[in-house]
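> starting from these lines, generate the structure:
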Amino acid sequence: MAERVLITGARAVAAPDMARSLRTAGYEPHLADCVPARLARWSNSAGPVHRYASPVERPAVFAADLRALIARLDPIKVIPACEEVFHLSALAVAEGWSDRLLAPGPKVLATLHAKDRFAALCARLSLPIPETRTVTDAPALLTAVEAMGDVVVKPVWSRFGAAHVSPSPSLLAAIRPGAASPWVVQKRIVGEEICFHAVTHDGRIRAFAAYGSEWRLPGGAAYAFQPVTEALTEALRPIADRLAMEVWTGQFACDVLIDDAGQPWLIECNPRATSGVHRFGGSAAFGRALMGKGEAAPDSQSRHIAPALWRYGRPSTRASGRMEAWRAQRRKGLDVLTRPGDRMPLPGALLDTLGFGLRALRRGQSLTAAMTADIEWNGEPLDPARWSRP
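Residues are numbered from 1 along each chain as shown. The predicted model follows:
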């Protein structure tokens, strides 16, 4: 009988890809989330999808649901795909199953997730990071901007590229940092945007992929993923190896800017699965790497999220004159949502997006905020008491 693996955060496009890799490697993947996650549920190549309560809205029920799932499935590994990783890590420490979780402990996760702490970590490790200052009030924000010149400002706890580049005076005046909601001011680096994703076990990287994108949402999130040059991959790998010694076991991804001199600058870190997962194409080698049983290298295929390429990429070509580039991406790239004989994740993803859109309207949020509001973590204490049995 195949060993079972539980992937949480089934809403993420990366989750079915990880499940396909694990299945191809001979494991029995199961997925779970606190939303319907139709993109995974309607797939015939991912695995069964289970439900748990929101760790933000009902933490004690979330904990009870996880206990029941783990007792019933007895997975040898639990692999987070989204920001539920922070809640899972705290729960695993409190209840003694951290050895099953592909993620570091809460303290390391907080260091990687917080923009200022990650900058401090990079400085300590002598890794290239732009000058970064933390501000907790409006006067400090203005002082930092005046002193640093051209900057990027963003909340310490933020996601989806929620940054303001070269902010105007009126925008700065509208920002209200506080002790409980600090912001960072970071020296702006002008250059090519690159990302890398790594899977590490016991401080050793088992899978590594660097990628760029010519197709991004206004906030910066990519929806097409192209491999970078071998030289750039080789330049980034030592940086990832050094960070892996801090992460030790888990997945992490970094946003990087390459300046005109070819110098890479780390900007921020996501301690979870990201779009870099797609670079491995659902391979068995990547499934084994997730389990710490081997190493995986990405392939050379360009990939994209088809609905986003049509919804955002196609209209943008009118203003940019990039119609031929868009056609080339659509023709040569592979859709990460679907596989031959497994097309239902596409309508599933569209319905998931509609559901998040309706939630955003009800709550007066942006779509991106609605997509993580029920699982995100913004630095608040994760006291073990929150996991008390309901």
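
> looking at it, Gly178 is touching Thr134, isn't it?
No: assessed by Cβ atoms under 8 Å, Gly178 is found out of contact with Thr134, at 11.9 Å. (Each C-beta comes from the backbone N, C-alpha and C, glycine too.)

> with neighbour numbers in mind, choose between the two.
The neighbour comparison of Gly178 against Thr134 (other Cβ atoms under 10 Å) goes to Thr134, with 18 against 11.

> CA atoms only for the least confident helix or strand in the chain by mean pLDDT, dumped as CSV, please.
Across the helices and strands of the chain, mean pLDDT, DSSP states H and E gives its lowest value to helix 314-320, namely a mean of 82. Output of helix 314-320 as CSV, limited to C-alpha atoms (Å, rounded to 0.1, in the frame of the first residue of the first chain):
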residue,chain,number,x,y,z
ARG,A,314,-4.2,39.4,-23.8
PRO,A,315,-5.6,42.9,-22.9
SER,A,316,-2.2,44.2,-22.0
THR,A,317,-0.8,43.6,-25.5
ARG,A,318,-3.0,46.4,-26.9
ALA,A,319,-1.0,49.0,-25.0
SER,A,320,2.4,47.3,-25.1
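
> list the helices and strands that helix packs on?
helix 323-332 (3 or more Cβ pairs under 8 Å, 6 or more residues apart in numbering; DSSP states H and E).

> domains for this protein, by residue range?
With domains defined by automatic domain parsing, the chain comprises 131-187, 192-335.

> and Asp352, which of those is closest to it?
Nearest of the domains of the chain to Asp352, taken as Cβ to Cβ: domain 192-335 at 10.4 Å.

> ok, back up a step: pick the most deeply packed of the domains of the chain.
Of these, the one with the most neighbours on average (mean count of other Cβ atoms under 10 Å) is domain 192-335, at a mean of 19.

> pull up the distance across that domain, start to finish.
End-to-end distance for domain 192-335: 24 Å, by Cα to Cα, to the nearest Å.

> any weak-confidence spans in the stretch 51-200 of the chain?
Of all residues in the stretch 51-200 of the chain, those with pLDDT under 70 make up the ranges 161.

> strands of that one, start to end?
Using DSSP state E, counting those that start in this stretch, the strands found in the stretch 51-200 of the chain span residues 77-80, 132-135, 151-155, 164-165, 183-187, 192-201.

> now distance to Gly355 too, for these, in CSV please.
Formatted as CSV, the strands of the stretch 51-200 of the chain follow (distance: least, Cβ to Cβ, whole Å):
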stretch, distance to Gly355
strand 77-80, 21
strand 132-135, 36
strand 151-155, 26
strand 164-165, 29
strand 183-187, 31
strand 192-201, 27
